[in-house]
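# Give me a model of this one.
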Amino acid sequence: MFWSKRRGVRDFMLQRLTAVILTVYTLLVLGFFLFGGATDYASFIAFFGHPAMKAASSIAVLATIGHSWVGLWTIGTDYIQPGHWGLPDYADKIRLGYQVGCLAVMGVYFLAAMIAIW
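The predicted model follows:
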């Protein structure tokens, strides 16, 4: 099965690491709005157009994808199992379709974000 041999500690640590990255990014953006002085269009473009901020935004997008993958994978493995929904023979296929769909949506999100950032 797709991603069937998971390590719980690795997923736990990835979830926590991505949460920390997203918290730091949120505080950075919040700091700009609270303490950056004038928040007009020019300062907004200058702040988010800076290469360091573009890199930070790209890292935040990757962290969002990693964070959501662990959560969505957990939901899929917890709730799409043989015996659920009355389809015991199709649970693995349904879960695989769910995981491929999640990865497809995350891929579109990644591409759209990278186009918007860079």
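
# Can you tell me what sits against stretch 57-70?
Here stretch 57-70 makes contact (Cβ atoms under 8 Å, 6 or more residues apart in numbering) with 11, 14-15, 17-19, 21-22, 25, 48, 102-103, 106, 109-110, 113-114, 117-118. Quick note: C-beta positions are derived from backbone N, CA and C, even for glycine.

# what's the answer for stretch 19-33, then?
39, 47, 56-57, 59-60, 63-64, 67.

# buried subset of these?
Among the contacts of stretch 19-33, the ones that count as buried by 16 or more other Cβ atoms under 10 Å are 47, 56-57, 60, 63-64, 67.

# In what element of secondary structure is residue 15 found?
Assigned by DSSP states H and E, residue 15 falls within helix 8-35.

# likewise residue 81?
Going by DSSP H and E, residue 81 is not in any helix or strand.

# Excluding chain neighbours, what is closest to it?
Spatial nearest neighbour of residue 81, chain neighbours left out: residue 91 (5.5 Å); criterion: Cβ to Cβ, 6 or more residues apart in numbering.

# Tell me how far that neighbour lies from residue 57.
Computed as Cβ to Cβ, to the nearest Å, the residue 91 to residue 57 distance reads 38 Å.

# Ok, residue 68 next?
When Cβ to Cβ is the yardstick, residue 68 and residue 57 sit 16 Å from each other.

# same deal with residue 104?
Noted for residue 104: a distance of 22 Å to residue 57, by Cβ to Cβ.

# Also residue 44?
Distance from residue 44 to residue 57, by Cβ to Cβ: 13 Å.

# all helices for the chain, in order.
For the chain, the helices defined by DSSP state H occupy 8-35, 41-49, 51-79, 91-117.

# follow-up on the earlier one: need the max-distance pair from the contacts of stretch 19-33.
Greatest spatial distance in the contacts of stretch 19-33: 39 and 67, 27.6 Å, computed using Cβ to Cβ.
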